[in-house]
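J.: no letters, just coordinates:
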């Protein structure tokens with residue numbers, strides 16, 4: 001039995017865009033079956049979160065404003081440490 005590889009993606013938001021669509025296709029592909037995916041969205045844009053939740057992706061929203069604050073960066077680092085990616 002092989003263990004899953006945990007991958008964390010940090011993305012500015014889950015709005016409409018090419019990066020979000022490409023990430024969804026990448027995560028949903030057959031090649032990603034042996035991987036556990038975690039998504040960190042810097043902004044609190046949940047418009048398309050359901051597309052990732054249907055794939056079983058855990059999402060963390062940081063609620064950052066337009067400019068990152070030291071607190072946002074610290075919270076992101078804490079999530080990454082807690083999630084312990086490979």
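T.: Thanks, I have it. Fair warning: this is a prediction, and the values are worked out from it, not measured in the lab.

J.: quick one: list the elements packing against the longest helix along the chain.
T.: Secondary structure of the chain per DSSP state H: the longest helix is helix 70-83. Helices and strands touching helix 70-83, by 3 or more Cβ pairs under 8 Å, 6 or more residues apart in numbering; DSSP states H and E, are strand 5-11, strand 35-41. From N, CA and C alone the C-beta is placed, and that goes for glycine too.

J.: got a markdown table for the ones you listed, with distance to residue 20 too?
T.: Listed next are the helices and strands packed on helix 70-83 as a markdown table, based on distance: least, Cβ to Cβ, whole Å:
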| stretch | distance to residue 20 |
| --- | --- |
| strand 5-11 | 7 |
| strand 35-41 | 10 |
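
J.: out of the ones you listed, which is the most enclosed?
T.: strand 35-41 (a mean of 19; mean count of other Cβ atoms under 10 Å).

J.: by mean pLDDT, flag the weakest helix or strand of the protein.
T.: helix 18-28 (a mean of 82; mean pLDDT, DSSP states H and E).

J.: so how far is it from its chain's centroid?
T.: On the basis of Cα atoms, centre = their mean, to the nearest Å, helix 18-28 sits 11 Å off its chain's mean C-alpha point.
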